[in-house]
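Asks: The following block contains a protein sequence and its predicted model.
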Amino acid sequence: MSDLSRYLVPAGTHHVEETIQKSRFVTTAARASDPGSARKLVAQVQEKSPNATHHCWAFVAGPSGSTAHVGMSDDGEPHGTAGRPMLKVLLHGRVGEIVVVCARYYGGVKLGTGGLSRAYSRGVKLVLDSLPTVEHVERALLCITVPYVRADGFQRLAREADVLIENEEYAEAVRYRCGVPADGVEVFTQAVSELTRGDGLVQKI
């Protein structure tokens, strides 16, 4: 099972193209954080390539390897020859929140069921091999209050722990609204306690 708090996601929309037995396969990959976003991308590709014979697709709208929110379509190809093999590659591709659409332009030569499965699988593998990615980090929102004398130390600690400071308020003490990596909340809370010698206050939002 993949790490549900940290995983790679597409950095943008990416395309690859390949011709197999006179049929042209144009595979597009993009980020999809939910099934609605995935279907929207499918519709956009269909609109931009109306002359394609088929628009087969698959998506994993969640952490890499998770089957909680997946979808697929053969779009008129023989059952099981496109969407399923595409989804199988995605689930083993170590990239989450991803949708892939393969537009096929039929070239007059039938590939057979095995040939179709290999062609659509290969399109997904090719797009994944060259896909620009960024790391998605699940974050917990915390409100952290520290004495003024510990503010500089806290900010250094936050940078080292990949904590995003979203807001700062100055009153009797300094109050920070922070996005803390979900897999590091306990360790960061302990570090704040040690830094402030117990005077820091950490609250979940």
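Replies: Here it is on my side, so go on.
Asks: State the three-state secondary structure for the nearest residue to His15 once chain neighbours are set aside.
Replies: Spatial nearest neighbour of His15, excluding adjacent residues (C-beta to C-beta, 6 or more residues apart in numbering): Thr28 at 5.1 Å. Every C-beta, even on glycine, is put in place using the N, C-alpha and C of the backbone. The local conformation at Thr28, judged by DSSP: H, G, I helix; E, B strand; the rest coil, is strand.
Asks: Stretch 132-139: which residues count as buried?
Replies: Using 16 or more other C-beta atoms under 10 Å as the test for burial, stretch 132-139 gives 133, 136-137, 139.
Asks: Just give me the longest helix of this protein.
Replies: Across the chain, the helix with the greatest residue count (assigned by DSSP state H) is helix 112-129.
Asks: ok, and for stretch 105-115, which residues are buried?
Replies: Buried-residue list, stretch 105-115, by 16+ other C-beta under 10 Å: Leu111.
Asks: helices or strands up against the helix or strand hosting Phe25?
Replies: Per DSSP states H and E, Phe25 falls inside strand 23-31. The contact analysis (3 or more C-beta pairs under 8 Å, 6 or more residues apart in numbering; DSSP states H and E) places strand 23-31 against strand 6-10, strand 14-20, helix 35-48, strand 98-105, helix 112-129.
Asks: And that strand, how far out from the chain middle?
Replies: Distance of strand 23-31 from the chain centroid (C-alpha atoms, centre = their mean, to the nearest Å) equals 17 Å.
Asks: For it, list every residue counted as buried.
Replies: Using 16+ other C-beta under 10 Å as the test for burial, strand 23-31 gives 23, 25-31.
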